[in-house]
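Engineer: Just the structure for this:
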Amino acid sequence: MDKQTLKQIFKEQSEIFQKKIKIVEREFPENCLKNNKIVVITGIRRCGKSTLLKQIATKYQNYAYFNFEDERLLDFTYHDFNLLLEVLLGEEQKLTTIFFDEIQNIKGWEKFVRRLFTEGYKIFVTGSNAKLLSSEIATSLTGRNMKIILYPFSFSEYLQYKNVQIKSIQTTRENAEISIHLDEYLKYGGFPEVAITHDQEELKQIYQDIIINDLITRFGIRDTKDFRELALYLISNTSKEISFNNLTKMLNFSSVTKVKNYLEYLTEAYLLFMLYKYDYLIKKQIMSERKIYAIDTGIINSLAFNFSKNEGKIIENVVMVELMRRKQEIYFYKGKKECDFIIKEGTNITAVIQVATEIQDKETKQREIEGIIEAMEKFKIKEGILITKSHKEKIRTNNKIINVVPLWEFLTNKT
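Structural biologist: Numbering: from 1, shown residues only. Take a look at the predicted model:
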């Protein structure tokens with residue numbers, strides 16, 4: 001590439017990056033600002049990684065920003081990195097900090113970043129693919145980086161965007177307002193742009209961009225029909241148990257390996273997550289069936305679900321993603337009964353969580369309680385959590401306490 005073109009791209013991107021817009025303050029580890037490591041921000045496309053860079057950039061002076069997801073950079077290769085550095089230094093001679101957006105698009109990026117790191121620059125990079133980033137980091141940046149996974153808006157962030165505050169004591173009107181926002185959040189999800197528009201067509205476009213650009217194109221997937229069918233089937237069956245063998249037979253795939261590879265691609269792009277059944281033996285854990293969850297309920301609803309008929313699955317999916325956002329080690333429990341989530345810390349199970357839409361009718365309440373009680377007894381836990389759409393109660397049974405909490409309280413960490 002020629003220097004003049006790079007200079008033009010850099011100036012135009014800098015103007016956009018520095019333009020003041022309304023920003024929801026995202027949570028991130030403050031120590032990433034103080035340590036001298038390369039900070040790698042990763043997460044699904046359009047979840048707000050670039051905006052987080054804008055937020056972090058306010059903490060620095062003498063920085064440069066460059067976004068590699070620009071169609072004018074189609075011919076950019078690792079040979080052009082040094083020319084780019086000349087451009088950045090020419091525009092900001094006291095340069096100390098560099099923000100690289102979607103740098104994974106350029107083969108060999110990690111060696112360039114390592115050189116800049118060695119020369120004393122503070123580096124932030126973003127990317128939308130877990131495996132590409134982790135494999136490149138493992139080879140060139142081991143011990144020199146810290147990783148931040150960014151998700152679409154949490155419900156707390158969604159409320160912040162809507163200028164709604166959670167108070168210690170809520171009025172009936174305030175609770176009703178939160179309930180309206182919760183319904184919107186469950187239906188449209190947490191992608192920042194969709195929080196504004198509530199446009200399900202935009203959600204479909206985000207999904208297509210991920211499938212085509214982040215997966216089919218990047219991994220050179222040839223059987224695109226099979227890949228699309230598997231992705232849509234899994235998104236349509238979130239929270240259900242799946243097995244590779246059953247998926248292979250059901251979708252008439254040529255091999256189990258093909259299913260495994262495709263599922264791995266979908267998780268690498270942060271579109272789907274797998275939840276393992278808990279077992280003391282790791283081998284059994286890996287061999288057993290697992291559950292699938294999606295990154296965002298808006299995508300589920302725009303592609304697959306009638307929201308009102310599948311609210312229970314949507315709520316369970318939201319709880320799963322929130323637990324991941326909180327960096328919990330999560331499994332599901334299945335014995336004679338089932339429990340949706342168990343939390344492991346170190347070698348111990350420390351919490352059990354059951355999810356239900358509501359528990360008004362006797363049969364549903366009994367089923368949900370039996371599942372959580374069995375898990376509590378199995379792991380010797382005195383108190384468990386049952387999350388419902390709106391109910392609040394404390395149930396004492398079998399010398400155990402089950403705290404029934406409304407979903408909004410759990411999502412805003414008020415439990």
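Engineer: which residues are contacting the helix or strand hosting E202?
Structural biologist: Assigned by DSSP states H and E, E202 belongs to helix 200-209. With contact meaning C-beta atoms under 8 Å, 6 or more residues apart in numbering, helix 200-209 is reached by 45-46, 188-189, 191, 193-194, 271, 296, 298-299, 301-303. The way it works is simple: take the backbone N, C-alpha and C, and place the C-beta from them, glycine included.
Engineer: Contacts for stretch 403-415, please.
Structural biologist: 154-156, 159, 166, 178-179, 182, 315, 318-319, 322, 359, 383-395.
Engineer: would you say Y331 is within a strand?
Structural biologist: Yes. Counting by DSSP: H, G, I helix; E, B strand; the rest coil, Y331 falls inside a strand.
Engineer: who touches it in this structure?
Structural biologist: 275-278, 285, 341-342, 344.
Engineer: Check those and tell me the two furthest apart.
Structural biologist: Q285 and F341 (15.1 Å; C-beta to C-beta).
Engineer: who's more crowded, these two?
Structural biologist: F341 (24 against 14; other C-beta atoms under 10 Å).
Engineer: The more buried one: what secondary structure?
Structural biologist: strand.
Engineer: Could I get the pLDDT score of it?
Structural biologist: Model confidence at F341, expressed as pLDDT, equals 98.
Engineer: Need the nearest residue in space to the residue nearest the centre of the chain, chain neighbours excluded.
Structural biologist: Centroid-nearest residue in the chain: Y151, 3.6 Å away (criterion: C-alpha atoms, centre = their mean). Among residues not flanking Y151 along the chain, R325 sits closest, at 5.2 Å (C-beta to C-beta, 6 or more residues apart in numbering).
Engineer: Kindly report the same for N348.
Structural biologist: In space, N348 is closest to F379, 8.0 Å off (C-beta to C-beta, 6+ apart).
Engineer: doesn't K344 make contact with the one you found?
Structural biologist: No. F379 is not in contact with K344 according to C-beta atoms under 8 Å; the separation is 9.4 Å.
Engineer: quick one: which of the two has more around it?
Structural biologist: F379 (19 against 15).
Engineer: ok, that one to I343 distance?
Structural biologist: 10 Å (C-beta to C-beta, to the nearest Å).
Engineer: For the spatially closest residue to E329 that is not a sequence neighbour, give me its contacts.
Structural biologist: Once flanking residues are discounted, E329 sits nearest to K344: 4.5 Å by C-beta to C-beta, 6+ apart. Residues in contact with K344 (C-beta under 8 Å, 6+ apart) are 278, 329-331, 350.
Engineer: now swap in M250 and tell me
Structural biologist: M250 neighbours (C-beta under 8 Å, 6+ apart): Y233.
Engineer: Please tell me how far S288 sits from I235.
Structural biologist: S288 is 22 Å from I235, where distance means C-beta to C-beta.
Engineer: Can you pick out the residue with more neighbours from the two?
Structural biologist: Regarding S288 and I235, a neighbour count based on other C-beta under 10 Å identifies I235 as having more, with 22 against 15.
Engineer: immediately after the helix or strand that one falls within, which helix or strand?
Structural biologist: Using DSSP H and E, I235 sits in helix 224-236. As assigned by DSSP H and E, the chain's next helix or strand after helix 224-236 is strand 241-242.
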